[in-house]
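Asks: Build me a structure from this.
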Amino acid sequence: MQWEIVIGLEVHTQLSTQSKIFSGAATAYGAPPNTQACVIDLALPGVLPVLNQGAVERAIKFGLSVGAKINSPSIFARKNYFYPDLPKGYQISQYESPVVQGGSITIQVDGTEKTVRLTRAHLEEDAGKSLHEDFHGMSGIDLNRAGTPLLEIVSEPDMRSSAEAVAYAKTLHGLVRWIGICDGNMQEGSFRCDANVSVRPLGTDKLGTRCEIKNLNSFRFLEKAIDYEARRQIEILEDGGTIRQETRLYDANKDETRTMRSKEDANDYRYFPDPDLLPLEISARWIDQIRSALPELPQARCNRYITGFALPAYDASVLTASRETADYFEAMAQELPEHAKLCANWIMGDVNGQLNKDGIDIGDCPVSPAQLAALLKRINDGTISGKAAKTVFDSMWQGELDRNADAIIEAKGLKQISDDSAIEKIVDQVLAANAQQVADYRSGKEKAFNSLIGQIMKATQGKANPAQVNAILKKKLDQ
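Replies: All right, here's what the predicted structure looks like:
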């Protein structure tokens, strides 16, 4: 039997506010345990939550960016469950009336465009963290994260492969960073994915029993966890078994998922409106103000690069994967408007290669867009060859001569010989010294031409303009 994988993602994005969603405690990462948990986070008797306006604004930004409906009013609810890192015994979240309803994300997979529908995006507080590794026979509780503002973004089960799920997660990750609502740091837990995975016979519409894989904090683990879980479910069904709805964890060391707990349904949490928080009213005027302040969105900029700079769709999508990369490209393209493709090639090739090698982001690139554009101008005007440009770029990356391309070219003697008479003189000398290869070429042996080119470039120490050498040599050989 052929099977179809059905995937929906729930993504928890930590909103980039300086304080928590219902208290004034800090949200900075890395503080000593329990030093950023105030009386509200600790749920001491008599304390009341106060909603953080910045968290709501960021939620609205996201909703507008994905074409969703902004609900007014939206309702905060209590999600009741017991766990040691949840001091109140409930989590403040949203259930029936989330702040963001609907919307969609467009993804690219293997050159094919697909739209993934969003169910909702709701505001909630994070729980604390249980610490098991550093205690023998005991667990510690760190409540620094308790009350940290989250926007949980829930997709429809529209994805059919781990590749689509990763493309969706990467696109969503890029978007929340682009609009400035989340730093996207997966190592610090700012962007975490839960994957709902089920399988069904190909061609059927009924959804299979799903299992939820919790807290996947890398795109690689997301892909591997989905692939393993799909194989596991298919093997069970083909052996005549049934899938049990449950929550599972992914073990990266063993590359497998394992049971965490049986999957609860919504009614198990006994949701009810939080009596300490009024319904959240959002005015149309506020929504319009936020909409007017939104930056140009990734898809719009991608389309503009395709139409305005005549870039291939692939190049445009790579350049708009992050706002920093897009800004870097745009700054270069303003310097070289007729050579946008050359700018794109260098960013996607040499620049990204060095960034990956050094383990840094383009925001920390040591070579500025203006400095790199100055180098590319010297390729375009024939001052240096493309090969020599690589040498200059390496020197600029290392900070030589204030990263001044012209100074490095001069200091290293990399200027091309572009004078026709000088090149012609060297060509004549090479032809005179290689009569046999000249005869071979004229008798139809094309390889002799390349050999002569190599000798001319060697005689000029690689400085002769290759196009001019090619033209002059061909002209003389065909005489």
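Asks: how much space is there between residue 219 and residue 186?
Replies: Going from residue 219 to residue 186 by CB to CB, to the nearest Å gives 8 Å. Heads up, the C-betas are built off the backbone N, CA and C, glycines and all.
Asks: At which residues are the helices of the stretch 101-250 of the chain located?
Replies: Using DSSP state H, counting those that start in this stretch, the helices assigned to the stretch 101-250 of the chain run over residues 162-178, 219-238.
Asks: Run through who's touching the last one.
Replies: Pointing back at helix 219-238 there. 1, 3, 5, 7, 162-163, 165-166, 169-170, 193, 195, 197-199, 208, 211, 213, 216, 242-243, 248, 250, 252, 255-257 (CB atoms under 8 Å, 6 or more residues apart in numbering).
Asks: again with the shortest one
Replies: Helix 162-178 has contacts (CB under 8 Å, 6+ apart) with 5, 7, 9, 11, 13, 62, 65-66, 105-110, 114, 116, 153, 155, 159, 182-184, 186, 191, 193, 195, 219, 222-224, 226-227, 230, 295, 297-298, 320-323.
Asks: Can I get that helix in PDB? Just the C-alpha atoms.
Replies: The C-alpha trace of helix 162-178 is given here as PDB (Å, rounded to 0.1, in the frame of the first residue of the first chain):
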ATOM      1  CA  SER A 162       9.500  16.600   5.800                       C
ATOM      2  CA  ALA A 163      11.000  18.800   3.100                       C
ATOM      3  CA  GLU A 164       7.800  20.800   3.000                       C
ATOM      4  CA  ALA A 165       7.700  21.100   6.800                       C
ATOM      5  CA  VAL A 166      11.300  22.400   6.800                       C
ATOM      6  CA  ALA A 167      10.600  24.800   4.000                       C
ATOM      7  CA  TYR A 168       7.600  26.100   6.000                       C
ATOM      8  CA  ALA A 169       9.500  26.400   9.200                       C
ATOM      9  CA  LYS A 170      12.400  28.200   7.500                       C
ATOM     10  CA  THR A 171      10.100  30.600   5.700                       C
ATOM     11  CA  LEU A 172       8.200  31.300   9.000                       C
ATOM     12  CA  HIS A 173      11.600  31.700  10.800                       C
ATOM     13  CA  GLY A 174      12.700  34.200   8.200                       C
ATOM     14  CA  LEU A 175       9.400  36.200   8.400                       C
ATOM     15  CA  VAL A 176       9.300  36.600  12.200                       C
ATOM     16  CA  ARG A 177      12.900  37.800  12.100                       C
ATOM     17  CA  TRP A 178      12.200  40.100   9.100                       C
END
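Asks: so how far is it off the chain centroid?
Replies: Relative to the centre of its chain, helix 162-178 is centred 6 Å away, using CA atoms, centre = their mean, to the nearest Å.
Asks: Tell me the buried residues in that helix?
Replies: By neighbour count on 16 or more other CB atoms under 10 Å, the buried set for helix 162-178 is 162, 164-169, 171-178.
Asks: Now it: average pLDDT?
Replies: What helix 162-178 shows for mean pLDDT is 97.
Asks: Then stretch 292-307?
Replies: For stretch 292-307, mean pLDDT rounds to 96.
Asks: Now do the buried residues in it.
Replies: 297, 298, 299, 301, 302, 304, 305.
Asks: how about the nearest residue to the first one, chain neighbours excluded?
Replies: So that's residue 297. By the measure of CB to CB, 6 or more residues apart in numbering, the closest residue to residue 297 outside its immediate chain neighbours is residue 65, 5.9 Å from it.
Asks: What number of residues are in the vicinity of that neighbour?
Replies: By other CB atoms under 10 Å, 22 other residues sit near residue 65.
Asks: now swap in the one 3 residues further on and tell me
Replies: Counted with other CB under 10 Å, the neighbours of residue 68 add up to 23.
Asks: Give me the distance between it and residue 191.
Replies: Distance from residue 68 to residue 191, by CB to CB: 19 Å.
Asks: which residues are contacting stretch 364-383?
Replies: Residues outside stretch 364-383 that contact it (CB under 8 Å, 6+ apart) are 328-329, 331-332, 335-336, 339, 342-343, 346, 351, 355, 384-386, 389, 392-393, 396-397, 399, 403-406, 409, 415-416, 418, 465.
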